[in-house]
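**Q** Just to be clear, the model below is a prediction. Sequence and coordinates:
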Amino acid sequence: MEHERTSTKTSARERFLEAIFQSAIDYGIISMDLDGLVTSWNEGARRITGWAPEEVVGKPASLIFTPEDKERGLPQQEMTAAIHTGQGTDERWHLKKDGSRFWASGEMMPLKDEKDELVGLVKILRDRTEQREQAERQRLLMHELSHRIKNTLSVVQAIVTQSLRNVATLEEAAEILQSRICAYAKAHDLLVKQDWVGASLRTIVEAAVSNMGYADSGRIMTTGPEIQLSPQAALSLSLVFHELMTNAAKYGALSNDNGIIEVEWRHARINGTDCLVASWREVGGPPVLEPKEAGFGSRLIRSSLQAFGELTLAYEPSGLVLEVTMQRSKLKLEEGDAG
């Protein structure tokens with residue numbers, strides 16, 4: 001009778017352990033003999049790897065290891081660590097039945113019988129692919145953020161340094177800095193709204209016009225197809241159009257009540273190269289003269305546009321005329337519907 005009660009208790013305990021073993025569906029639990037051959041394979045292991053128990057029992061548990069890890073002898077190293085230290089840590093890529101890879105973390109531990117003799121090993125692992133990919137995305141995001149912050153600070157530093165060179169008073173310096181940095185900040189806002197994939201040239205021009213208070217004036221005419229600029233090109237051209245608008249309001253077509261500005265752009269193929277040809281033409285303003293010495297605004301316009309192509313700047317009696325031919329590959333343009 002005592003033997004029967006003991007046998008019944010043992011059977012109940014085994015069923016209880018088996019229920020736990022199979023219900024741990026988020027964890028792959030794999031037992032193996034001392035030769036590394038699978039002796040049991042739970043539902044969690046099937047869900048994670050795609051292999052059913054009947055497909056793997058009796059086969060090497062190393063079948064979930066990648067070829068490169070097998071070549072390095074990692075399956076045997078993990079077994080050896082578990083046997084001699086009581087634990088073999090697993091944190092690497094593994095293989096599914098369909099050949100795809102998943103990132104798993106887990107441990108291997110020795111299995112002992114009631115006499116404390118080693119009879120096998122058990123491996124418990126969990127699919128951490130999503131967490132690893134999220135961590136990688138976070139790492140790339142922080143790297144990109146750091147890169148953008150450094151670039152932004154470099155531009156702001158250049159704006160501050162150059163803007164202060166030719167100012168006569170602190171009030172003038174404050175006004176110029178506030179205007180330029182505000183324009184740069186608003187360009188950033190445009191890119192943030194587009195998840196930093198870029199911004200359209202039309203949007204950049206309209207933002208510069210709006211920032212100066214001329215959105216509803218009817219004095220700035222734009223003509224050109226709908227095209228998308230890379231983030232860096234969008235930032236550079238935002239500063240260019242801000243300087244052009246500022247100069248027009250102070251000295252050019254917008255400094256009186258009659259002047260207008262025509263902004264045009266078009267695609268062209270020049271000497272086998274795809275280009276964007278753009279122009280800024282002021283009409284009806286006061287007569288303009290080429291300055292004896294270029295200020296920061298003029299230097300910024302030239303340096304920014306020359307980074308993308310060739311520039312001509314003419315101070316004609318009727319007003320300032322700027323024409324630039326930019327290589328599309330440098331702007332990373334994407335063409336949309338013509339507008």
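**A** Now that the structure is in, tell me what you want to look at. Numbering: from 1, shown residues only.
**Q** Bridged to Cys275, which residues?
**A** Listed by DSSP bridges, the beta-bridge partners for Cys275 are Ala268, Gln327.
**Q** how much space between it and Leu331?
**A** According to C-beta to C-beta, to the nearest Å, Cys275 and Leu331 sit 9 Å apart. In this view, the C-beta of every residue, glycine as well, is placed from N, C-alpha and C.
**Q** Domain ranges for this protein, per the record?
**A** Domains of the chain are assigned by automatic domain parsing as 2-127, 132-335.
**Q** And the average pLDDT for the last one is what?
**A** Okay, so that is domain 132-335. Averaged over domain 132-335, pLDDT sits at 86.
**Q** And that domain, how far out from the chain middle?
**A** 24 Å (C-alpha atoms, centre = their mean, to the nearest Å).
**Q** Identify the residues contacting the closest residue to Gly50 other than its chain neighbours.
**A** Closest residue to Gly50 apart from its sequence neighbours, by C-beta to C-beta, 6 or more residues apart in numbering: Lys97 at 3.5 Å. Neighbour list for Lys97: Thr49, Gly50, Trp51, Glu55 [criterion: C-beta atoms under 8 Å, 6 or more residues apart in numbering].
**Q** same question, Ala168
**A** Per C-beta under 8 Å, 6+ apart, neighbours of Ala168: none.
**Q** That one and Glu175: what is the separation?
**A** 12 Å.
**Q** and the closest residue to Ala294 other than its chain neighbours, how many neighbours?
**A** Spatial nearest neighbour of Ala294, chain neighbours left out: Arg302 (7.5 Å); criterion: C-beta to C-beta, 6+ apart. Burial measure for Arg302: 16 neighbouring residues, criterion other C-beta atoms under 10 Å.
**Q** Just to check, Arg302 is in contact with Thr312?
**A** No: between Arg302 and Thr312 there is no contact under C-beta atoms under 8 Å: 10.5 Å.
**Q** Count residues in the vicinity of Leu201, would you?
**A** Per other C-beta under 10 Å, the neighbour tally for Leu201 reads 25.
**Q** Pairing partners for the closest residue to it other than its chain neighbours in the sheet, please.
**A** In space, Leu201 comes closest to Ile227 once its chain neighbours are excluded; the distance is 5.2 Å by C-beta to C-beta, 6+ apart. When bridges are called by DSSP bridges, Ile227 pairs up with Glu335.
**Q** Could you measure from Ile227 over to Asp33?
**A** Taken as C-beta to C-beta, the span from Ile227 to Asp33 is 66 Å.
**Q** Right, I'll call it a day here.
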